[in-house]
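# I would like to see how this sequence folds:
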Amino acid sequence: MKLTPSQCKTFWRLWSAIARRARWDAQEAESERRALIERAGFQSLTAVDPLTGFDRVLAELNAILHPDNLNAQLRQVNMPRIRLIHAIRQLQDEPYILAIARDKFARSDWENLPLPQLHQLRMTLAARSRRRAISTQFKTTNNLAR
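Down below sits the predicted model:
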């Protein structure tokens, strides 16, 4: 199972609500659950990856549970972007992110970059953070050796 225990619990809680509402017998519920997993692009729940795969499963669940709530469905579709933006903000402060985005992509609206470029920005910031940490550690070690 690739999903976290929390994700499994969320899936089964939402799925139980759907099955109760639909009043399916056990066989119908199992058939519908398999169909939902396949619509999300997976052969079974055990094959669902915890990031984008679970987002697709949640989007399917929300489409059934809240067919009139387009905002909930769109938010689930935008989760990869939301996660990347959050990860980028965890790595550096806004002025530094802006400077890298301007230098690398000639854009200051970094949050609206296409997903591949957002991913590249996150990787750049992570690499620079690691380099800075190693450099700081090296300086500290050298100062202690003196």
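# C-alpha only now, for contacts and for neighbours.
OK.
# state the mean pLDDT of stretch 73-81.
Taken as a whole, stretch 73-81 has an average pLDDT of 81.
# hey, C-alpha coordinates of it in PDB?
Output of stretch 73-81 as PDB, limited to C-alpha atoms (Å, rounded to 0.1, in the frame of the first residue of the first chain):
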ATOM      1  CA  GLN A  73     -13.500  19.600  -7.500                       C
ATOM      2  CA  LEU A  74     -11.300  22.400  -9.000                       C
ATOM      3  CA  ARG A  75      -9.300  22.700  -5.800                       C
ATOM      4  CA  GLN A  76      -8.600  19.000  -6.000                       C
ATOM      5  CA  VAL A  77      -7.500  19.300  -9.600                       C
ATOM      6  CA  ASN A  78      -5.100  22.200  -8.600                       C
ATOM      7  CA  MET A  79      -3.500  20.300  -5.700                       C
ATOM      8  CA  PRO A  80      -0.200  19.600  -7.600                       C
ATOM      9  CA  ARG A  81       0.200  23.400  -8.100                       C
END
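# please identify the buried residues of that stretch?
The neighbour-count check on stretch 73-81 (16 or more other Cα atoms under 10 Å) flags Q73, Q76, V77, P80, R81 as buried.
# and these as JSON lines, adding secondary structure and distance to Q117?
Output for those, formatted as JSON lines (DSSP: H, G, I helix; E, B strand; the rest coil; distance: Cα to Cα, whole Å):
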{"residue": "Q73", "secondary structure": "helix", "distance to Q117": "24"}
{"residue": "Q76", "secondary structure": "helix", "distance to Q117": "20"}
{"residue": "V77", "secondary structure": "helix", "distance to Q117": "18"}
{"residue": "P80", "secondary structure": "helix", "distance to Q117": "13"}
{"residue": "R81", "secondary structure": "helix", "distance to Q117": "11"}
